[in-house]
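**Q** With the sequence up front, the predicted model follows.
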Amino acid sequence: MIKAVIFDFDGLILDTETAWYDTYKQILKETYDFDLPLSEFVKGVGGEDTALLSYIDEELKGEFQLEGFQEKVDAIHAERIKEAKAREGVEDYLQAASEAGYQIALASSSKREWVTTHLTNLGLISYFDHFVTSDDVENIKPAPDLFLKAIEELAVKPEEAIVFEDSLNGLIAARKANIKTIIVPNPVTEHLPFEEHHLKIGSMKEMSLTEIIKSVEEVK
C-alpha cells in the first residue's frame, strides 16, 4: 500500500530545465558562436553539471572562460523563470495527495534555498512534509542517496512510496532505491531513453493521482 509520494523539483514541478538549456545555448552562441546540442546538455539534467562544463571546455579547445560565465547564466536564467508557473497538474496532484492523507516529500539535487524559495513563490510549499536536497546528502542523483534519505524521513519502505521524476538521472537514482517511478518528462527530457519505470505520462493532467496509485498498487 502506498503511504507517501516523493517529487523531484527542477523540470518536474517548475520547468527550470528548458530555461537552463535556452540560457546556456544563448550565451554560448553569443560569446563563442558555439551551438550546444541538446543531446549533450540533457546528460546532466537532474544531476551534476561537471560533465557539461568539461564538454564545453573541450569543444572550445581551451577558449572557454568559466569565470563570469556561470554568473551570467544564473542571472539570465533567473529572469527567464521569474514569472514561470508550476507545470500543468502539479498542484492537482499535491492537493489530491494531501487530501488522501499521503505524506509528501521533495527530493532534489538542488540546494534547499533554491527549492524552498521557488515553492514559496509558487504557493506550493505548504503541501510538503519533508525536504531532502543536496544540502542533506553526500551524493546527488544518479546516486540513490536523496531517495534513501527521503524514505528514511518518511519512515516508509521503498514499496510504500512512489517517485515523480522528469530526468534519466532521477529515474536511475529511484531505481537504485527500489522505488517505483512515474516519469513526467519536460521538453528537454522527453526524448531520453527512459527504461524500467512504472509509468510515463505526458503531463499530470493525463492521469489522476488516484489512477496512478491504483496502477502502482496493482503491481505485485
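**A** Noted; the coordinates are in hand.
**Q** okay, CA-based contacts and neighbour counts for the rest of this
**A** Noted.
**Q** Touching, Val188 and Ser39? I think so.
**A** No. Look at Val188 against Ser39 with C-alpha atoms under 8 Å: they stay out of range, at 9.1 Å.
**Q** Between these two, tell me which one has more neighbours.
**A** Val188 (23 against 12; other C-alpha atoms under 10 Å).
**Q** where's the more buried one relative to Gln95, distance?
**A** According to C-alpha to C-alpha, to the nearest Å, Val188 and Gln95 sit 26 Å apart.
**Q** again with Leu124
**A** Distance from Leu124 to Gln95, by C-alpha to C-alpha: 9 Å.
**Q** How are the helices of this structure distributed by residue range?
**A** For the chain, applying DSSP state H gives helices covering 16-32, 38-41, 50-59, 69-81, 90-100, 112-122, 145-154, 168-176, 209-217.
**Q** mind putting these in a markdown table, distance to Val137 and mean pLDDT included?
**A** What follows is those, written out as a markdown table (distance: least, C-alpha to C-alpha, whole Å; pLDDT from 0 to 100):
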| stretch | distance to Val137 | mean pLDDT |
| --- | --- | --- |
| helix 16-32 | 22 | 95 |
| helix 38-41 | 24 | 94 |
| helix 50-59 | 18 | 91 |
| helix 69-81 | 24 | 93 |
| helix 90-100 | 25 | 98 |
| helix 112-122 | 11 | 96 |
| helix 145-154 | 6 | 98 |
| helix 168-176 | 13 | 97 |
| helix 209-217 | 28 | 96 |
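**Q** Quick check: the gap between Ala174 and Phe164.
**A** 9 Å.
**Q** Pull up the overlap in contacts between the two.
**A** Contact criterion C-alpha atoms under 8 Å, 6 or more residues apart in numbering; residues shared by Ala174 and Phe164: Thr181.
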